[in-house]
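K.L.:
Return a 3D structure for these sequence lines:
(one chain, ligands or ions: 1)
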Amino acid sequence: MERIEIIGKGKPKVCIMSIVHGNEICGLEALENIKKFKLKGTVILIRANIEAYKENKRYLEINLNRVFPGNDKGKLEERTAFELSKYIYDCDFILDIHSSSEETEPFLLVSVDLPEHYNLAKSIGVKNYVTLGKVLKGSSLDECNGTKSLRFGVECGQHENKEAKENAKEISKNFLIALNVIEGERKSIEPKKYKIIGKIDIADKENFTPDKSLHAFKTINKDDIIGVFKNGEKLLAEETFIPILVDKQMKEELLLIAKEI
Ligand SMILES: [Zn+2]
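P.N.:
Numbers count the residues shown, from 1 in each chain. Now for the predicted structure:
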């Protein structure tokens, strides 16, 4: 398996990334699928964290999606980010394909909500569009050295789910059709816009059980129960919000929360 594979030639330069998280495999087939098309432009196919993928882990030393643009003398994933940065920040467009631990409808992520982002998003055929802001530093969507590429992340569904693979294929294909890199009919949808307003971190994760009612894009009202600690203490919502990424296995951020805009 190659980390970086460059196909086609000329402009635009488009980067399609997969396995930034090693256990999020839905993008791998999407990359193979892209190779079937005749290209007008350059596509850089990236299989980012091959080392973690081989062990079916999110990452081995540090979360790759928090360490961009990387460090050539740092930990494994920092070195990988450094290697990838040369390619991704040189591209005009980037699509970074992910999946999640909980089931979710596909959604697009951008770091800033530019009209160019939203216009392109309409052609990708995904119903939800989320502006991340600065809540997760070091992701592949972050601005880097003033580069001007349009960057999207996409969450395609639950890791093991077959639908996530289908979504990844469809979305990456639509993305390239929208950019005129491949020919074809594209599905056009005006996605609903959300903006991340924060994340909820639980200090004592091991003793916390998230509430069953927590699901991506299902509103939680002020004072609803978010979860319960082992000692019986409940965690209540301080404000009404929409959960976006819900991590019920309590591995990292419990959830990213948003408001519709
Ligand atoms: Zn991911």
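
K.L.:
how close does Asp223 sit to Thr240?
P.N.:
9 Å (C-beta to C-beta, to the nearest Å). Where you see a C-beta, it was placed from the backbone N, CA and C, and this is true even at glycine.

K.L.:
For those two, work out which one has more neighbours and name it.
P.N.:
Thr240 (13 against 10; other C-beta atoms under 10 Å).

K.L.:
For the spatially most central residue of the chain, which non-adjacent residue is closest in space?
P.N.:
Centroid-nearest residue in the chain: Gly153, 3.9 Å away (criterion: C-alpha atoms, centre = their mean). Nearest residue to Gly153 in three dimensions, chain neighbours excluded: Leu109, at 3.7 Å (C-beta to C-beta, 6 or more residues apart in numbering).

K.L.:
give me the beta-bridge partners of that neighbour?
P.N.:
Under DSSP bridges, the beta-bridge partners of Leu109 are Val130, Gly153.

K.L.:
quick one: which helix or strand includes the nearest residue to Gly125 once chain neighbours are set aside?
P.N.:
Distances taken as C-beta to C-beta, 6+ apart place Lys187 nearest to Gly125, at 3.5 Å, with adjacent residues excluded. Here Lys187 is covered by no helix or strand, with elements defined by DSSP states H and E.

K.L.:
my guess is Lys187 contacts Ile177, does it?
P.N.:
No. Applying C-beta atoms under 8 Å, one finds Lys187 not in contact with Ile177, separated by 9.1 Å.

K.L.:
residues in contact with Lys40?
P.N.:
Residues counted as contacts of Lys40 (C-beta atoms under 8 Å, 6 or more residues apart in numbering) are 8, 10, 180-182.

K.L.:
how close does Phe175 sit to the ion?
P.N.:
Look at Phe175 and the ion: by C-beta to the ion, to the nearest Å, they are 17 Å apart.

K.L.:
helix, strand or coil for that residue?
P.N.:
Put simply, Phe175 is helix when judged by DSSP: H, G, I helix; E, B strand; the rest coil.

K.L.:
What pLDDT does the model give the residue nearest to the centre of the chain?
P.N.:
At Gly153, the pLDDT value in this model is 95.

K.L.:
Also Gly146?
P.N.:
You'll see Gly146 listed with a pLDDT of 67.

K.L.:
before we move on, what about Met250?
P.N.:
What the model reports for Met250 is a pLDDT of 67.

K.L.:
that older thread, so which of the contacts of Lys40 is surrounded by the most neighbours?
P.N.:
Ranked by the number of neighbours (other C-beta under 10 Å), the contacts of Lys40 place Val181 first, at 23 neighbours.

K.L.:
Since that was my last question, I'll sign off now.
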